[in-house]
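*Asks:* sequence isn't available, so here's the structure alone:
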Ligand SMILES: Cc1ncc(C[n+]2csc(CCOP(=O)(O)OP(=O)(O)O)c2C)c(N)n1
Ligand SMILES: Cc1ncc(C[n+]2csc(CCOP(=O)(O)OP(=O)(O)O)c2C)c(N)n1
Ligand SMILES: [Mg+2]
Ligand SMILES: [Mg+2]
């Protein structure tokens, strides 16, 4: 805790302004996901729609620990991390809708883009396949003496793919500036975590790689932030990787076409009370006198920003067919 | 410890006869490896020659914990395990020399054979690739209610391949009758273990899979036997896999063509005093009155057996060229 | 006879084989309670139980590898990759273990790997690939590629009974679009046998999977509009190939067009074209032509995907030009 | 000019590029103090230091994947697989990440993956494979295949400077058997350009790697014994292929034989044969013939391996028969 000028203590050493920024990103993430679902239901999306409902605190809190020069390698439910790292809503929606003006020019969708300026490198579908790539980025960044850290994510399902093991072990042996967050949201598609792991805590894997491991409450944005910051700082000091298991719940189906009827109702209910947004809002209301006016203006701002981005995306043309076969190779 | 009729205590509950059997297998393994090296130097081998010098106690002690109905999936330095599981010297040397009468009819070499009668399924070159296969055998064996256990091996290098992770995790989640021994012999080809692992103990990986893990002295055949037996019994009771790190030293080069000049001389020296054979012989001499006559007769028997097998292998023809293209597919 | 969709039919094939042979079991991600991403195994868990319908960890290499191990012990695993694209994660196990075991060990490895394959569904670069050419080049693997519900059931049953690792291509595009009559009794479609879907003497089209239907459409149009009559051969199996049938049809028509959805360069069509030319050079009135996807990753946005994948219009034009050659 | 072995020459190429460009680095198993299983990188660690000569963990997927990541940040990794066979463990990273990134992200992925490839060394089924056909079918990858020390150095330098993932085939059989003159100055052999190694008007042989030398031997014998003169084209690059050169030589001779060490079915030769036929049908006096390894795993025992892999005698016979066609 840190005190500001008024003598008030702030959690995680954040100013009220920063806390409100976190609040904004949490709400923006949720609202964006909701908008994506709406577009899906309106039949305007290309391909499927994946939301991070329940995961906002994990994505937002962790990426908030990064500096501008750090690298983000997010997974498919980390929209919040894209936003915190500076991605525009325009680019998000252009990607979702496969527009000509999107970062991938319609060649790939969702978060599967790269934005080297912002140091964001999106995911591919093949789970865990980006872990070795992110590790290689950490290696290159160290070679280039950038003093940067790579933050990468994986799911409770995806972390059972071999690439998780090979990548994390390599990073540990080389003491690379690499932080890996396992988003344990209780399910991998329809498969409950107990059918993916015999260990009670996924972070127990860390010891086997000789690195620190933490299991944290992934619905508590401040806890996520603080743990990630500790790991990022350690990585920046050259002490090597950290594995963080952030425990939360996938509140929606795997994708918009999955009704998640395999999720026990009471499980869902019990997690609903831990809604990351509501939890943090309560903290802000009770401890930081978040006002109704502030809540509403935040909502309005988000609404306007999203509408504008969607509007721009709908206006943007589909990619031209003749571009389809260009650029398989670099010059 | 268990007492026999004379009231003498025996380690690991083994009778003197059994202890002598272990002794025989340790010496047989060493002598076989030496013979293979001789054949290599005489230019009689096809391909490379890999020995398990230093690893005999790990291979012999662990496989001695198996029953007839159990399955053995050994690695390239586990000649002793093949022998304990009942493999004939004939088949070993026929394989090494690529004979027509070998179990693979000259199509593959060294321990790359299968002998379903003995429930031995050899390795392939691709490190760790047999782990998922062995896990599948454990699954099938359980389905068939055989009450059998699968014992599989991997090196300190090979255990960093993704298949280790995928296979062991699957076995743990399914609670399969599977025991995996990591033969930590300090090197993977020229790479020291510290460049493969940041953790001090490879067995620390076990916790991440929610299974027991042990690190043992791999030059002590009785410790290897007892630990493996505990794991095998647990597996047979349906309680799932165990990971055992057996610490030893690769006393020879990676293969016969490697002079291992990268191994520090004092490291090698310090391990020489822990020679698994000499250690066990000393135990038998001091505790079980192993006589010089017994030592010599064991040596003579081994010498004769090996000579006979090599002779048979040299007599056996090379495979017929016209067989080369047969049998890619099963009927 | 019952009318079924393509995916219902292949599921029916699995179901019947599981009823018939207790050594058949299923393994894959989300195939149990959920019934699989494409619902091929819906209802299987309830009927056959957890032991035979295994919801595995998310680990393609382990799924394929464990299938090899189980097959070595005499079981008959049917493994599902959630999308064919993800078989790249199980690639090592397929080519190193599944394919090479019989040759080396003389032990059968009876297993099926189901690959929901191909594009035309706006899946983007990681949910639209065709993996067959890789496996086509690997001695020891068989590959089947049904295009109708009838064959989906019959080839599934044949694949499960086969004593070798069989790659089973399920064309996602056909899953629910394709309906047809499926005999209720026990039958198999022999692996390695193609079938003539349409007779015609002007040229022969050799194809498999989704593009069989595009080729049939194109042939009908060509017949109506130009009076050109094409034979359409549905290969059904890629490994082994039905070379006798290919030879017969090509020698009858003197002109051949190979069509597949997979990328053109180094695709299965290259082998077929090369082999036809070696085998029937004197009988050819024109070079063997090929159509396949452009050599680019399958793009996400529909107008791009449409350019990259073969279309009925493109097949029509190639048939037309070849007939006029 | 210096006389060097094939492997010395490719090492020289790496060395010069590392001297020239600090963004080039090496990663692989046992490449540091040990100098690599084939000693290609002997002395590199001492000269360039641990940071640029990285003895990695035993993890092919991570080696390839980390190379992609480093390349994305502007480095130029040169990754070694200890044997080409083990690239199956890095397959997913190559086809999913390395190959598809530029098309999707418009970012260059400058990396080289070195694959000590092929047989004729009694390595058995897991140390003798030829992996090129798999990658040949993947848009986004380049493949080079030098057959001489000169080209080994020149193509290595070109591969390192290329902004795409390049598969570098090193033919183990040639490593020390092949010696030749290698310019000491800086030069590259352009990727995508083949070369005519021998001129002849009776037929054309298109080949790469070890079999270039077998084909040259066969051509000399054929010339002496039968007065038949063959052109021998060393393709040098497989992706992209030098189609212009292939066209020229084939149209001059009217007869073509494609030879490679890789398995015949679905090999690179299938594409070359199919393409030649499509492109130059009227100019062909005979069907394009192919030679490749038999479609079986490469066996261990020498008398078996000899039957399975292409030989000079087999190439001689095929050339002879084709000339007489
Ligand atoms: C290698 C691989 N196998 C299978 C899939 C199909 N798939 C996509 S998401 C998913 C579940 C992922 O679960 P998890 O890693 O827990 O992430 P979550 O979606 O729960 O955030 C599966 C099986 C895939 N994308 N990649
Ligand atoms: C996947 C794979 N990569 C590389 C190799 C080449 N290789 C063979 S043995 C070996 C070292 C193995 O070390 P370890 O696993 O520790 O076993 P050890 O030989 O020390 O018993 C290497 C790198 C291989 N066989 N498989
Ligand atoms: Mg999950
Ligand atoms: Mg070792």
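*Replies:* Structure's in. What do you need? The model shown is predicted, which means the values in this text are computed figures rather than measured ones. Ligands and ions are numbered 1, 2, ... in the order given.

*Asks:* which helix or strand contains residue A:44?
*Replies:* Using DSSP states H and E, residue A:44 sits in no helix or strand.

*Asks:* repeat that for the one 10 residues further on.
*Replies:* Under the assignment given by DSSP H and E, residue A:54 is not contained in any helix or strand.

*Asks:* residue A:27 and residue A:302 touch, don't they?
*Replies:* Yes: shown here, residue A:27 and residue A:302 form a contact pair, counting by Cβ atoms under 8 Å, at 5.8 Å. To be clear about C-beta, it is placed using only N, CA and C from the backbone, and glycine gets the same treatment.

*Asks:* now do the nearest residue to residue C:20 once chain neighbours are set aside, the pLDDT please.
*Replies:* Spatial nearest neighbour of residue C:20, excluding adjacent residues (Cβ to Cβ, 6 or more residues apart in numbering or on different chains): residue C:186 at 7.6 Å. Residue C:186 carries a pLDDT value of 97.

*Asks:* who's in contact with residue C:186?
*Replies:* C:16, C:20, C:157 (Cβ atoms under 8 Å, 6 or more residues apart in numbering or on different chains).

*Asks:* residue C:104: which of those is nearest?
*Replies:* residue C:157 (28.2 Å; Cβ to Cβ).

*Asks:* tell me the spacing between that closest one and residue C:179.
*Replies:* 19 Å (Cβ to Cβ, to the nearest Å).

*Asks:* who has more neighbours, the two?
*Replies:* residue C:157 (21 against 15; other Cβ atoms under 10 Å in any protein chain shown).

*Asks:* count the neighbours of residue A:68 for me.
*Replies:* So residue A:68, with other Cβ under 10 Å, has 9 neighbours.

*Asks:* give me the phi and psi for residue C:289.
*Replies:* Per-residue torsions, residue C:289: phi -100, psi 160 (degrees, to the nearest 10).

*Asks:* how many other residues sit next to the nearest residue in space to it that is not next to it in sequence?
*Replies:* Closest residue in space to residue C:289, ignoring its immediate chain neighbours: residue C:257 at 4.6 Å, by Cβ to Cβ, 6+ apart. Number of residues near residue C:257 (other Cβ under 10 Å) recorded here: 27.

*Asks:* okay, residue C:257: pLDDT?
*Replies:* 98.

*Asks:* who's in contact with it?
*Replies:* Here residue C:257 is in contact with C:203, C:204, C:205, C:206, C:288, C:289, C:290, C:291, C:315, C:318, C:319, C:322 (Cβ under 8 Å, 6+ apart).

*Asks:* name the member of those with the most neighbours.
*Replies:* residue C:205 (32 neighbours).

*Asks:* which residues does the helix or strand containing it contact?
*Replies:* Assigned by DSSP H and E, residue C:205 belongs to strand C:203-207. When contacts are defined by Cβ under 8 Å, 6+ apart, strand C:203-207 is touched by residues C:194, C:215, C:219, C:228, C:230-235, C:246, C:249-250, C:252-260, C:272, C:315, C:319, C:322-323.

*Asks:* would you write a ChimeraX line that selects the buried entries of these?
*Replies:* This is the ChimeraX syntax for the buried subset of the contacts of strand C:203-207, where burial follows 16 or more other Cβ atoms under 10 Å in any protein chain shown:
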select /C:194,215,219,228,230,231,232,233,234,235,246,249,250,253,254,255,256,257,258,259,260,272,315,319,322,323
